[in-house]
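A.B. asks: got a predicted model here, sequence first, then my questions.
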Amino acid sequence: MTGAKALMEALLHEGVDTIFGYPGGAITPVFDAMYDYMDKFHYVLTRHEQGATHAAQGYARVTGRPGVCIVTSGPGATNTITGIGDALMDSTPLVVITGQVGKTLLGTDAFQEIDMVSITQPITKWSYQIRDEQEIAWAVARAFYIASSGRPGPVELDFAKNAQIAEVDFKSEKCHFIRSYFPVPEIDESILQDAAALINCSKRPLALVGHGVTIGQAEEELKAFLEKADIPAAWTMLGESAMPSDYRLNKGMLGMHGNVGPNIKTNECDLLIAIGMRFDDRVTGDLDAYARQAKVIHFDIDPSEIDKNVKTDIAILGDVKKTLPQITQLLHEAKHTEWIDSFTEYEEREKNNVIQQDLHPTDGPIKMGEVVRKVSDATKEEAILVTDVGQNQMSAIRYFRFKNKRSVVTSGGAGTMGFGIPAAIGAKIGAPDRTVCLFCGDGGFQMTVQELGTILQEDQLGVKIILLNNNYLGMVRQWQELFFGQRYSSTPMANPDFCQIAQAYGIRSAHVGRREELDAAIADMLSDDKAFLLVVECEEKGMIYPMTPAGKAVTNILLGD
Amino acid sequence: MEKKLYTITIFSENTPGLLNQITIVFTRRQINIETLSVSPSALKGIHKFTITAYCDLDTVQKVVKQIDKRVDILKAYYNVDEELVYQEIALYKLATDKVLSMGGIENLIRKYNARVLEILDNCVVLEKTGLYEETQEMFDELQSRIGVLQFIRSGRVAITRSKIERLSDMLASIEARINRQQEQQ
Ligand SMILES: Cc1ncc(C[n+]2csc(CCOP(=O)(O)OP(=O)(O)O)c2C)c(N)n1
Ligand SMILES: [Mg+2]
């Protein structure tokens, strides 16, 4: 068979069922081979290669399996860079296959030749150029193993055209082992003892829950751990749905726009237990004023995260799915009632100063928060939340509620505007039986608006898009208001009639300008499993509070009052 | 934190693009590589990189972890000078007529423990191995007395003094890991 067909076989062997992509010269043989595999793969033609990568990310995040993209060389390949970079930062398994000119043309500045391996080395776990058809089975097996093992991430395979058309005797391979790669560090039993001792004598422990819990599918193990020692827990954006929103020990969100309680308590606890999170600066603020009083235990699968930002007293390397239950066994049952109750004061303060106005305003323009909560209620807290980036994202993350695990798809580390629409497409394809709600802003919506074409081509794929329109690049405007003397440089947006755009793609839509119309429009949106665009005119100069200004201490919280 | 010269040793698979993967980690943290030397190691198929750079302890630790994390890197670690036996080699090209007219080349060669590699009509090539300061001192003297036509110094090559042999330990642990995996299957 040809190398192109061998690639199809290798992908099937890895259990791939969905491919996102876009064709072009240097990958045409692969698309030709795919023609015979239409019954085996769900092939999704996006409208831009960036969209293909974000869709693959959405798919990967809801399924836990690598998302796969196939695109052409040159500009097709460089269009994937944003998605690849985003996937690295958010530990999302991706296998991106880019076409490449034939090997005799490599290095000659041939048409659409771009050196993708060099470009992607800093933003992938592994990049490899397949120049020889004999390497296909090996490289694909290795790519999937690397992308999905240990701390997941993106892998790039640059597939030279000569290898696509050459004949090869294909024999499938499976990769379980690479001698230079230790995806999961071995657990050190004595360290577990030390950590348990520290937890057992802690009076004011605080757990920080990150994406690692979701990636490791350790939600139950986390709960058992928290329960036994009665430890309050807060989450990073990507760790949000690892605990149900109404869980007794769930104390809310960390960081810049997080909840007041956990941020204040970070600097009052005596023990910080980080679980699969990486102390991003959006979580810690000023490191010199971060939890200086506390001992730190850090659970992570990636040794290079230990001591990177916050010095740890005890590092527990390994997969939290295994390390959490091991340590739970060593814990004494405890009660930290007084400590847990001490969060209440801050919860009340935030409720009175921020949440009440965000969720239950009685007059004035519509607030993003109330829209989010209404959609969350209307979907019975069972939907998958996808967000774009900006104020819409922060409102969505703060006010959407969750009963189910693996329910948040957002661009955390990279904060990629335009992530939303394609990621929602990928999420819906990965979880067709679930309701997928995307919240986005007028800015981000227009960054990948062409992916509405993908929704159309996928038979009005059932993503529910809620556009929180403030006619501003709102989050930047917020910074300008607070820190740049209200000089609104380049943030007001002249916007089109969004519903007409939806109409052009055959997507049902509704426009809401008044609070009274909201419930009915949401009910209408959720009345079927087809695509819908709900445009809500929101407060133009709305603010996201609480806010810890960048680089300030976590306790330096603006409430906007 | 105090900056000093660290020697970073890296063992890797011999795959294309590895040097780039390593230098990226230095570039991101704005660390200049002082010297770099790459060659096949004693073990077939494994390459050894020796890199020196000025930075603080905290940074070198992070850099080494980030290099170690790369899929094709077998092992990365760092040392300070006291833990190493190390050497550099330098070549000096001199004009033959100037060497002859200077006189006393024999003394200079003895003094620096240098060697003559080549004598031609037009040039003489000397070689000296030693520490950076030593090869530099000889360069300075030659440069000021007769001028040096060309000068080249290698990157550092280094060997640890300690009893621990990290590469062989690591290969042994890999083997143990394979065995454990096979037992599990
Ligand atoms: C690709 C990209 N470009 C620029 C930014 C910087 N940025 C962050 S939020 C934001 C404004 C987003 O505006 P909008 O999509 O309307 O959302 P809003 O904040 O108004 O809800 C911008 C420009 C970014 N995060 N990503
Ligand atoms: Mg906006």
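C.D. replies: Good, I have the coordinates. Numbers count the residues shown, from 1 in each chain, chains lettered A, B, ... in the order given. Ligands and ions are numbered 1, 2, ... in the order given.

A.B. asks: from now on I want contacts and neighbour counts done on CA atoms only, so please keep to that.
C.D. replies: Fine.

A.B. asks: so which residue of chain B comes closest to chain A?
C.D. replies: B:Leu74 (4.3 Å; C-alpha to the nearest C-alpha).

A.B. asks: looking at it, that residue is touching B:Ser12, isn't it?
C.D. replies: Yes. At 5.0 Å, B:Leu74 counts as touching B:Ser12 under the criterion of C-alpha atoms under 8 Å.

A.B. asks: joint contacts of these two?
C.D. replies: Counting by C-alpha atoms under 8 Å, 6 or more residues apart in numbering or on different chains, the shared contacts of B:Leu74 and B:Ser12 are A:Ser180.

A.B. asks: identify the residues contacting the closest residue to chain B within the stretch 451-561 of chain A.
C.D. replies: Closest to chain B within the stretch 451-561 of chain A is A:Gly551: 19.2 Å, counting by C-alpha to the nearest C-alpha. A:Gly551 makes contact with A:Asp281, A:Gly285, A:Asp286, according to C-alpha under 8 Å, 6+ apart.

A.B. asks: one more: B:Ala53?
C.D. replies: Contacts for B:Ala53 (C-alpha under 8 Å, 6+ apart) come out as B:Lys4, B:Leu5, B:Tyr6, B:Thr7, B:Ile8, B:Ile31, B:Asn32, B:Ile33, B:Glu34, B:Thr35.

A.B. asks: give me the distance between the second one and ligand 1.
C.D. replies: In this structure, B:Leu5 and ligand 1 are separated by 39 Å, where distance is defined by C-alpha to the nearest ligand atom, to the nearest Å.

A.B. asks: secondary structure class of that residue, three-state.
C.D. replies: strand (DSSP: H, G, I helix; E, B strand; the rest coil).

A.B. asks: same check, this time on the fifth one
C.D. replies: Assigned state for B:Ile8: strand (three-state reduction, three-state DSSP).

A.B. asks: I figured it hits B:Lys75, correct?
C.D. replies: No. Counting by C-alpha under 8 Å, B:Ile8 stays clear of B:Lys75, with 10.5 Å between them.

A.B. asks: can you list the domains in chain B?
C.D. replies: B:4-79, B:85-157 (automatic domain parsing).

A.B. asks: can you show me the helices along chain B?
C.D. replies: B:18-28, B:57-69, B:96-102, B:105-112, B:132-145, B:166-184 (DSSP state H).

A.B. asks: show the pLDDT at B:Gln185.
C.D. replies: Predicted confidence (pLDDT) for B:Gln185: 59.

A.B. asks: how much space between the residue in the stretch 101-250 of chain A positioned nearest to ligand 2 and A:Asn259?
C.D. replies: The stretch 101-250 of chain A approaches ligand 2 most closely through A:Met237 (20.0 Å), counting by C-alpha to the ion. Note on A:Met237: its distance to A:Asn259, by C-alpha to C-alpha, to the nearest Å, is 12 Å.

A.B. asks: same question for A:Asp115.
C.D. replies: As judged by C-alpha to C-alpha, A:Asp115 and A:Asn259 stand 44 Å apart.

A.B. asks: show me where the stretch 451-561 of chain A has helices.
C.D. replies: A:452-457, A:474-483, A:498-504, A:518-525 (DSSP state H, counting those that start in this stretch).

A.B. asks: would you format those helices as TSV with distance to A:Ile397, mean pLDDT and mean neighbour count included?
C.D. replies: Listed next are those as TSV, based on distance: least, C-alpha to C-alpha, whole Å; pLDDT from 0 to 100; neighbours: other C-alpha atoms under 10 Å in any protein chain shown:
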stretch	distance to A:Ile397	mean pLDDT	mean neighbour count
helix A:452-457	23	98	21
helix A:474-483	14	98	18
helix A:498-504	24	98	16
helix A:518-525	19	98	17
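
A.B. asks: what residue lies at the spatial centre of the chain?
C.D. replies: Just so you know, I chose chain A. The centroid of chain A falls nearest to A:Thr410 when counting by C-alpha atoms, centre = their mean (3.8 Å).

A.B. asks: not quite, I wanted chain B
C.D. replies: Geometric middle of chain B (C-alpha atoms, centre = their mean) lands on B:Arg156, at 2.3 Å.
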